[in-house]
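>>> Here is a sequence with its predicted model. Questions after.
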Amino acid sequence: NNGGDPPSGDDITDGNGTVLAEYDDSPGGEEIDKLIDNDENTKYLTFHSNAWIEYQHTEAVIVDGYGITSANDSPQRDPSSWEFQGWDVSASNWVTLHSIADEPEWPSRFHQKTFSFSNSAAYSRYRVAVSAVNGADIMQMAELEIYRKVAPPSTNDITDLGGSIRGSNDFLPWTGVESD
C-alpha cells in the first residue's frame, strides 16, 4: 500500500501487549514504548541503523498488514529495508511475512505508510527487523501499528444443509388436515 489506506483490521498494538527493542540506547523521552502510544508526536529512536523491534501480543492472532509512521525530523533515519516477521513457536524461528528493500524516504514527516500481505498463520509475537535506513546511522519511527486480519463474511446458508428439520411436536398424534 505504501501510504494508502491501512488494512481493515484493528491495530493489535492498542491491546495489552509488550513492545521490545533490540537496543536500550534511546534518549530520554524517545524509548521503545513511544512506538505504540498512538501519538505521532512522540518517537522511538535508537543509535543503530539496523535493529529489530518486537511486539508481543496477549494471544495468537492472524495479521495481514502493518503501518509505520515517520518521526518528526531527519528523513535519513527512516527505515529503508526490513522484514516483518512472526514467531513460529513450534519451529522456534522467525517467519518472514513481508519484506521491503530500498524503500524511499517517507514523503513528509508524521506520514504513515501501510503495507499489506497475505497470511493465514496466527502468531503472538511479531517484529520488524530493520536492516538499513536512508543514509543515517540512527533509526527512528513515530508509530508502529500491526493490523489483525478481518475474516470475510460467511456466504454459507446454515439452513441449506440438506436433510430434514423436525420440530418438537412432530411425534404427537395429529387429527387435523394432512399437512404434508
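Looks like it arrived, so ask away. Nothing here was measured: the structure is a model prediction, and the numbers come from that model. Residues are numbered from 1 along each chain as shown.
>>> which ones are touching the residue nearest the centre of the chain?
In the chain, the residue lying closest to the centroid (C-alpha atoms, centre = their mean) is Ile146, at 2.2 Å. Counting by C-beta atoms under 8 Å, 6 or more residues apart in numbering, Ile146 touches 11-13, 55, 63, 65-66, 126. All C-beta spots, glycine's among them, are computed from the backbone N, C-alpha and C.
>>> Report the secondary structure element holding it.
Assigned by DSSP states H and E, Ile146 belongs to strand 143-148.
>>> Which elements pack onto the strand ranked longest in the chain?
Counting by DSSP state E, the longest strand found in the chain is strand 51-69. Counting contacts by 3 or more C-beta pairs under 8 Å, 6 or more residues apart in numbering; DSSP states H and E, strand 51-69 packs against strand 18-21, strand 79-88, strand 112-116, strand 122-133, strand 139-141, strand 143-148.
>>> what about the protein, any weak spots by pLDDT?
Applying pLDDT under 70 to the chain flags the ranges 1-6, 154-176, 178-180.
>>> now the angle from the longest strand of the chain to strand 122-133?
Using axes from the mean of the first three to the mean of the last three C-alpha atoms, to 10 degrees, the direction of strand 51-69 lies 90 degrees away from that of strand 122-133.
>>> Quick check: neighbours of strand 51-69 in the sheet, parallel or antiparallel?
Strand 51-69 pairs in its sheet with strand 18-21 (antiparallel), strand 112-116 (antiparallel), strand 122-133 (antiparallel), strand 143-148 (antiparallel), by DSSP bridges.
>>> from those strands, which stretch is densest packed?
Of all the strands paired with strand 51-69, strand 143-148 carries the top mean neighbour count, a mean of 23, counting by mean count of other C-beta atoms under 10 Å.
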